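# Generate a structure from the sequence data that follows.
(one chain, ligands or ions: 3)
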Amino acid sequence: MSEAVEIAPGIYWIGVNDRTTDLFEGIWPIAREGVSYNAYLIRDEKLALIDLAKATKGEDLLRQIDTLADTAALDYVVINHMEPDHTGVLRLVQRLAPRAIFVCSEKAREMLGTFYGITERIRVVHDGETISLGRHELKFFETPFVHWPETMMTWVTPGGVLFSCDGFGGFGALEGAIFDDQHDSLEYYEQEALRYYSNIVARYGRMVLKAIDKLAALPIAVIAPAHGLVWRGHPERIVELYKQWAGYSLGADKPEITLLYATMYGATETMMNAVARGITAVGVPMQIFDVTHTHVSYILPSLYSRKGVVVGAPTYEGHLFPVMASVLAMAEAKHLTGKKAAYFGSFAWSGGGQGTFQKLVEPLKWEILEQLVFPGNPTAEDLKKGEALGADFARAIQKSGLEGKTDG
Ligand SMILES: Cc1cc2nc3c(=O)[nH]c(=O)nc-3n(C[C@H](O)[C@H](O)[C@H](O)COP(=O)(O)O)c2cc1C
Ligand SMILES: [Fe+2]
Ligand SMILES: [Fe+2]
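Ligands and ions are numbered 1, 2, ... in the order given. Alright, predicted model coming up:
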């Protein structure tokens, strides 16, 4: 159970840490890292709750509200985003807070019905609209697709706290302190924020930049997302990171290489070593992932942020090895477009892996620079070709980085 923390006068973090869910959204591993669902309470003449938590965390959330206020006295429940990791406790709150008005965007109104059967006591707010709580005033900003179409952010003054929901969020339960300025190192949280970004938000880079533009003039003292750290010491830090990450999907990805491989009996792996030698010799930074043993959640941050992708996978039943195919399908779901790519892989009779690879990367608009297939185990000559493939590809990535720089 967590304990409430006052983040500004009258404004409280009442978040909960989830260390028992194995897969966030039923896909993304968080068994080791955990995740927090940050909700907030504002005590004023009116009592307002900002976002909630996943259904399994109802008790933890309600206990914290009890330490600060009477749940039955709630005036407003602001729903920035309808995804059930923030609204699962909604029906419970609806029953316990008979006066509470649900404040949400126009698009969220319908979802309140389809998810929870809530059709009354709803107040729809539009971009720039405000609600007074007494001394505090809430102001709402529509931020569609950060993360769903109905998503908005809420800013409160005095205090200058931005409740940004999924925006500026990250994986990782909060270990001992909720604020950025209370941790010696932010490396872990920033890495988990990038994993969260590339797993959850990546598809909508343009919308993230639009939201950041919209908020640019707002005096923000604290960024209070619904997942991960509350940014009080350096709120601008997480905004800068999100801006940089959004840029990766718009052509500003780094001139570095992600090498993905899969193998059944080692033939493709032997070739992978040769290709990697070639890349290393040229001196381009590279990260290698065995896709059968690494969940795609941990691959996406690298794949997302780097311009070069090398795919090594054998033929399987006339197609690309299925685990690799599923990684490429995820890359398509997340719109990781516009990469430069290379392929290599072993086959035994008629092949097929290469054809599937070409088909899968077509909608991604990846430019295939190099391809190499070979029957059975690679010969010494094959391996020489592999090393040359790696070196040629690395030089092309290096060159694309220089071009990127001169373009500005
Ligand atoms: C279940 C299975 C299905 C396969 N399907 C094909 C195929 O349709 N066409 C082909 O040319 N080779 C096929 N192969 C052969 C592999 O592509 C070949 O053994 C290759 O060398 C495996 O590379 P690896 O050692 O990197 O796993 C198949 C192998 C297995 C085990
Ligand atoms: Fe979400
Ligand atoms: Fe969320």
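# which residues in the stretch 201-350 of the chain form helices?
205-215, 235-247, 267-282, 296-305, 322-333 (DSSP state H, counting those that start in this stretch).
# So which residues of the stretch 101-250 of the chain form strands?
Secondary structure of the stretch 101-250 of the chain, counting by DSSP state E, counting those that start in this stretch: strands at 101-104, 122-124, 130-132, 137-142, 152-157, 161-165, 222-225.
# What's the mean pLDDT across the last one?
Looking back up the chat, that one is strand 222-225. Per-residue pLDDT values over strand 222-225 give a mean of 98.
# Excluding covalently adjacent residues, which one is nearest to the closest residue to ligand 3 within the stretch 1-150 of the chain?
Residue of the stretch 1-150 of the chain nearest ligand 3, by Cβ to the ion: Asp85 (4.4 Å). Where you see a C-beta, it was placed from the backbone N, CA and C, and this is true even at glycine. Take Asp85 and drop its neighbours on the chain: the residue closest to it by Cβ to Cβ, 6 or more residues apart in numbering is Lys54, 4.9 Å away.
# Thought Leu90 was touching the one you found, still the case?
No. Lys54 lies out of contact with Leu90 (Cβ atoms under 8 Å); the separation is 10.9 Å.
# Determine which of the strands of the stretch 101-250 of the chain approaches Glu175 most closely.
Among these, strand 222-225 comes nearest to Glu175, with 16.3 Å by Cβ to Cβ.
# any idea how far Ile131 lies from Gln182?
Distance of Ile131 to Gln182, computed by Cβ to Cβ, to the nearest Å: 31 Å.
# Likewise for Arg99?
Going from Arg99 to Gln182 by Cβ to Cβ gives 36 Å.
# isn't the residue of the stretch 1-150 of the chain closest to ligand 3 right next to Ala39, touching?
No. Using Cβ under 8 Å, Asp85 makes no contact with Ala39, being 11.0 Å away.
# what residues are shared contacts of the two?
Common contact partners of Asp85 and Ala39 (Cβ atoms under 8 Å, 6 or more residues apart in numbering): Ala53, Ala226.
# So for the two, which sits in the more crowded spot?
Each of Asp85 and Ala39 has its neighbours counted (other Cβ atoms under 10 Å); Ala39 has more, 28 against 21.
# Please produce a markdown table containing the helices of the stretch 201-350 of the chain, extended by mean pLDDT and distance to ligand 3.
Supplementary listing: the helices of the stretch 201-350 of the chain in a markdown table, determined by pLDDT from 0 to 100; distance: least, Cβ to the ion, whole Å:
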| stretch | mean pLDDT | distance to ligand 3 |
| --- | --- | --- |
| helix 205-215 | 97 | 14 |
| helix 235-247 | 97 | 15 |
| helix 267-282 | 98 | 36 |
| helix 296-305 | 98 | 15 |
| helix 322-333 | 97 | 17 |
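# Put together CSV for those, with mean neighbour count on each row.
Putting the helices of the stretch 201-350 of the chain into CSV (neighbours: other Cβ atoms under 10 Å) gives the following:
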stretch, mean neighbour count
helix 205-215, 18
helix 235-247, 18
helix 267-282, 21
helix 296-305, 22
helix 322-333, 19
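# Quick one: closest of these to Ile27.
Among the helices of the stretch 201-350 of the chain, if distance is taken as Cβ to Cβ, the winner is helix 296-305, at 7.4 Å.
# by contact count, what packs against the closest one?
Applying 3 or more Cβ pairs under 8 Å, 6 or more residues apart in numbering; DSSP states H and E, we find helix 296-305 packed against strand 28-29, helix 187-196, strand 254-261, strand 286-290, helix 322-333.
# switch the cut-off to 6 Å
Helices and strands touching helix 296-305, by 3 or more Cβ pairs under 6 Å, 6 or more residues apart in numbering; DSSP states H and E, are strand 254-261.
# Now do the same contact list for Asp75.
Taking Cβ atoms under 6 Å, 6 or more residues apart in numbering, we find Asp75 in contact with Lys46, Leu47.
# same question, Phe140
With the criterion set at Cβ under 6 Å, 6+ apart, Phe140 makes contact with Val125, Glu129, Met152, Thr154.
# can you list the residues of the protein near ligand 2?
Glu83, His147, Asp166 (Cβ under 5 Å from the ion).
# if we look at ligand 3, which of the residues you listed are close to it?
Asp166.
# Give me the buried subset of the residues of the chain next to ligand 2.
With burial judged by 16 or more other Cβ atoms under 10 Å, the buried subset of these is Glu83, His147, Asp166.
# Just give me the neighbour total for Val311.
Val311 is flanked by 28 other residues according to other Cβ under 10 Å.
# Okay, it and ligand 2: tell me how far apart.
Note on Val311: its distance to ligand 2, by Cβ to the ion, to the nearest Å, is 30 Å.
# can you pull the pLDDT of that residue?
As predicted, Val311 sits at a pLDDT of 98.
# ok so, going back, would you reformat the helices of the stretch 201-350 of the chain as TSV and include distance to Thr114?
Listed next are the helices of the stretch 201-350 of the chain as TSV, based on distance: least, Cβ to Cβ, whole Å:
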stretch	distance to Thr114
helix 205-215	22
helix 235-247	29
helix 267-282	46
helix 296-305	28
helix 322-333	23
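# Could you list the low-pLDDT ranges of the stretch 51-200 of the chain?
Across the stretch 51-200 of the chain, nothing is flagged by pLDDT under 70.
# The stretch 101-250 of the chain against ligand 3: which residues are in contact?
Asp166.
# please redo it, this time with the cut-off set to 6 Å
Neighbours of ligand 3 within the stretch 101-250 of the chain, by Cβ under 6 Å from the ion: Asp166, Ala226, His227.
# JSON lines for the contacts of Phe140, including neighbour count?
Below are those laid out as JSON lines (neighbours: other Cβ under 10 Å):
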{"residue": "Val125", "neighbour count": "21"}
{"residue": "Glu129", "neighbour count": "15"}
{"residue": "Met152", "neighbour count": "28"}
{"residue": "Thr154", "neighbour count": "25"}
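# Closest one to Pro322 out of these, please.
Proximity of these to Pro322 (Cβ to Cβ) peaks at Met152, which lies at 39.6 Å.
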